[in-house]
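J.: The following comprises the amino acid sequence and a computationally predicted model.
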Amino acid sequence: MRQLPGSYILNKFYTYAGAPAYNKFTSTYYASCPICREGKSFLKKKRLYYYPTSNTFYCFNCSRSWHAQAWIEAVSGMSREEIEAEVLSGDTSFDITDNLKYSNKIKKKTLSSLPLDSINLSDPLQKQYYGTNVYFQKALEYITERRLDTAVNKSSSYYISLTDHFHKNRLCVPYYDGDKKIVFYQTRSLDGTEPRYLNKVGYDKTVFGIDRIDSSLDYLFLFEGPMDAMFVKNGVSVAGLILTGEQEKQLIEFPFHEKIWVLDNPRFDEAAKENIFKLISNKQKVFKWPIDKPYKDFNEWCVKEKLDQIDYKFILQNLYS
Ligand SMILES: [Zn+2]
């Protein structure tokens with residue numbers, strides 16, 4: 001395949017590496033290595049370097065080097081074909097250098113738990129006030145269409161910011177911790193602009209849904225996306241096969257729950273196919289999509305069949321053996 005565009009590589013670096021930063025004197029980018037997690041120093045030390053002139057990565061902690069392509073495959077779980085398709089789809093317009101500078105600036109200024117000036121979409125007063133804003137309306141429509149307001153394991157709130165540098169005009173799904181405090185969030189594009197999903201900038205991902213785990217139920221269902229995890233009791237989202245340090249800390253609190261992975265339907269998703277194979281090889285329990293469920297994920301399944309819940313027992317009855 002041809003060389004990956006620099007902006008695309010930076011976009012991935014910025015998405016997956018820990019607390020990325022730029023050194024303008026050496027023109028290199030550096031961050032915490034998401035692969036070795038810097039031993040126990042993730043987000044404390046930054047020993048992963050990205051050299052744009054050679055398109056290579058090097059980590060001074062685990063002493064590994066990667067070509068950009070290999071690094072992106074390792075951290076994103078995407079296949080070569082998917083990366084190529086994403087590049088071809090033009091998903092490279094996100095101006096990362098500008099955003100990196102900006103994120104360093106805002107991080108120093110605020111430690112806000114939500115995007116700037118976030119509006120609570122379920123607050124009737126806000127609805128009165130912002131009801132005519134087109135993005136506010138789109139967000140409400142999206143929530144209804146995707147059944148995010150009726151799902152069995154739905155989030156207790158959704159937000160939108162009309163001003164945030166990265167996250168404005170996007171639906172914001174908050175991630176609560178065990179004490180019901182918002183510690184992370186993901187926003188979703190409402191008008192088709194890229195990136196489709198964007199995580200809180202510069203922070204370690206946490207587990208979505210950890211605040212709603214019913215400890216009397218012996219299972220935890222690990223989904224990729226929060227909007228799929230909402231449709232199963234004890235569904236949580238970890239986004240990716242590599243757990244972050246924060247996520248590991250959170251899941252360790254549930255040592256007796258059996259963990260079952262529920263990935264997107266491999267019939268429609270090459271990356272899911274490869275990831276399912278990896279999980280099975282690692283002796284993990286994984287949901288096996290039945291042939292008569294022609295949906296790409298749990299959200300689509302529930303939207304198409306007008307359901308607010310997939311019974312967790314259905315997952316248990318359909319595991320790879
Ligand atoms: Zn490393």
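T.: Yes, it's here. Nothing here was measured: the structure is a model prediction, and the numbers come from that model. Numbers count the residues shown, from 1 in each chain.
J.: Now the element after the lowest-mean-pLDDT helix or strand in the chain, going C-ward?
T.: Ranked by mean pLDDT, DSSP states H and E, the helix or strand of the chain with the weakest confidence is helix 96-109, at a mean of 48. Counting by DSSP states H and E, the next helix or strand C-terminal to helix 96-109 is strand 119-120.
J.: after that following strand, next one along is what?
T.: Per DSSP H and E, strand 119-120 leads on to helix 124-130 as the next helix or strand towards the C-terminus.
J.: list the helices and strands the very next helix or strand once past that next one packs on?
T.: Next along the chain after helix 124-130, taking DSSP H and E as the criterion, comes helix 134-145. If you count contacts as 3 or more CB pairs under 8 Å, 6 or more residues apart in numbering; DSSP states H and E, helix 134-145 packs onto helix 124-130, strand 159-161, strand 170-176. C-beta here means a position set from N, CA and C on the backbone, and glycine is covered the same way.
J.: who wins for proximity to the ion among the ones you listed?
T.: Checking the helices and strands packed on helix 134-145 against the ion by CB to the ion gives strand 170-176 as the closest, at 25.4 Å.
J.: now the closest one against helix 134-145, angle please.
T.: For strand 170-176 against helix 134-145, the angle by axes from the mean of the first three to the mean of the last three CA atoms, to 10 degrees is 60 degrees.
J.: need the next SSE after strand 170-176, C-terminal direction.
T.: Scanning onward from strand 170-176 (DSSP H and E), the first element met is strand 182-189.
J.: buried residues in that following strand?
T.: By 16 or more other CB atoms under 10 Å, the buried positions in strand 182-189 come out as 182, 183, 184, 185, 186, 187, 188.
J.: which residues touch it?
T.: The contact list for strand 182-189 (CB atoms under 8 Å, 6 or more residues apart in numbering) reads 113-115, 142, 159, 166-167, 170-177, 195-200, 203-206, 208, 226, 239.
J.: what angle sits between it and helix 134-145?
T.: Interaxial angle, strand 182-189 versus helix 134-145 (the same axes, to 10 degrees): 100 degrees.
J.: quick revisit: closest one to the ion out of the buried residues of strand 182-189, please.
T.: Nearest to the ion among these: residue 184, at 22.7 Å, using CB to the ion.
J.: follow-up on the earlier one: select from the helices and strands packed on helix 134-145 the stretch with the lowest mean pLDDT.
T.: Among the helices and strands packed on helix 134-145, helix 124-130 carries the lowest mean pLDDT, a mean of 83.
J.: so what secondary structure elements neighbour that helix?
T.: strand 119-120, helix 134-145.
J.: Give me the pLDDT for the closest residue to residue 161 other than its chain neighbours.
T.: Spatial nearest neighbour of residue 161, excluding adjacent residues (CB to CB, 6 or more residues apart in numbering): residue 115 at 3.7 Å. Model confidence at residue 115, expressed as pLDDT, equals 89.
J.: Just read off the phi/psi values of residue 115.
T.: Dihedral pair for residue 115: phi -60, psi 160, per degrees, to the nearest 10.
J.: which residue is nearest the centroid of this protein?
T.: The residue lying closest to the centre of the chain (CA atoms, centre = their mean) is residue 239, at 4.6 Å.
J.: do you know how far that residue is from residue 252?
T.: Residue 239 is 18 Å from residue 252, where distance means CB to CB, to the nearest Å.
J.: Now for residue 37: which residues touch it?
T.: Contacts of residue 37 were listed using CB under 8 Å, 6+ apart, and they are residue 245.
J.: a helix runs through it, doesn't it?
T.: No - under DSSP: H, G, I helix; E, B strand; the rest coil, residue 37 falls outside any helix and is assigned coil.
J.: pLDDT score for it?
T.: As predicted, residue 37 sits at a pLDDT of 85.
J.: Three-state assignment for residue 221, please.
T.: Three-state call for residue 221 (three-state DSSP): strand.
J.: how far out from the middle of the chain is stretch 143-155?
T.: Remark: stretch 143-155 is offset 18 Å from the chain centroid, using CA atoms, centre = their mean, to the nearest Å.
J.: List of residues touching it?
T.: By CB under 8 Å, 6+ apart, the residues outside stretch 143-155 that reach it are 121-122, 142, 158, 171, 173-174, 209, 212, 226-227, 229-235, 299, 302-303, 306-309.
J.: ends of it, how far apart?
T.: Taking CA to CA, to the nearest Å as the measure, stretch 143-155 stretches 11 Å from start to finish.
J.: average pLDDT across that stretch?
T.: Averaged across stretch 143-155, the pLDDT comes to 97.
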